[in-house]
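Colleague: can't give you the sequence, but here's the structure:
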Ligand code: THU
């Protein structure tokens with residue numbers, strides 16, 4: 001799938017964001033290595049710390065469906081280019097340190113960066 005199309009999916013889904021507090025809508029579209037797309041939005045909560053970002057929503061949906069291998073995630077917001085927060089960077093690092101992060105203020109100015117650039121030397125526990 002073209003990254004521009006993935007970004008368009010993030011743009012569309014951001015309209016479903018639940019953002020009564022910040023009014024900052026974010027949409028994410030996560031592409032698996034096999035070419036499936038899982039979307040997500042930010043879901044805020046009266047207890048602010050309970051808020052989940054669009055990126056993690058998309059990942060949690062995909063992981064829950066058995067997916068483990070991801071190649072790219074596009075992020076779109078109602079307020080210009082949005083780069084993933086620190087918690088989301090660490091969350092994504094668990095599964096795919098080299099995933100392409102696609103951001104931009106609109107589809108004509110996309111930036112593609114590997115997660116390892118946004119989170120150098122991320123933390124992972126060794127598993128057997
Ligand atoms: N947010 C995301 O969903 N993703 C990002 O990359 C940055 C921040 C959300 C969290 C909160 O609902 C709102 O944007 C303002 O921080």
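Modeller: Structure received. Quick caveat, the model's predicted, so the values are computed rather than measured. Residues are numbered from 1 along each chain as shown.
Colleague: Do you know the pLDDT at the nearest residue to residue 102 once chain neighbours are set aside?
Modeller: What sits nearest to residue 102 in space, not counting adjacent residues and going by Cβ to Cβ, 6 or more residues apart in numbering, is residue 74, at 4.1 Å. No exception for glycine: its C-beta is placed from N, CA and C like everyone else's. Residue 74 carries a pLDDT value of 98.
Colleague: Next: residue 30.
Modeller: What the model reports as pLDDT for residue 30 is 98.
Colleague: and it, how far is that from residue 127?
Modeller: Separation of residue 30 from residue 127 (Cβ to Cβ, to the nearest Å): 22 Å.
Colleague: More neighbours: the two, which one.
Modeller: Neighbour totals were compared for residue 30 and residue 127, and residue 30 leads with 30 against 4 (other Cβ atoms under 10 Å).
Colleague: Strands of this protein, residue ranges please.
Modeller: Chain-ordered strands for the chain, with DSSP state E as the definition, fall at 26-32, 37-41, 70-77, 100-103, 111-114.
Colleague: mind checking which of those strands is nearest residue 56?
Modeller: Checking the strands of the chain against residue 56 by Cβ to Cβ gives strand 37-41 as the closest, at 7.2 Å.
Colleague: and the closest one, what's its mean pLDDT?
Modeller: Rounded mean pLDDT across strand 37-41 is 99.
Colleague: what does this protein have sitting close to the ligand?
Modeller: Listed as neighbours of the ligand in the chain under the rule Cβ under 6 Å from any ligand atom: 19, 22, 24, 26, 42, 44, 51, 53-55, 75, 82, 84-85, 88.
Colleague: now that we have those residues, which one has the most neighbours?
Modeller: Of all these, the most densely surrounded is residue 54 (30 neighbours; neighbours counted as other Cβ under 10 Å).
Colleague: And the pLDDT for that residue?
Modeller: 99.
Colleague: Isn't it up against residue 24?
Modeller: No. Using Cβ atoms under 8 Å, residue 54 makes no contact with residue 24, being 10.2 Å away.
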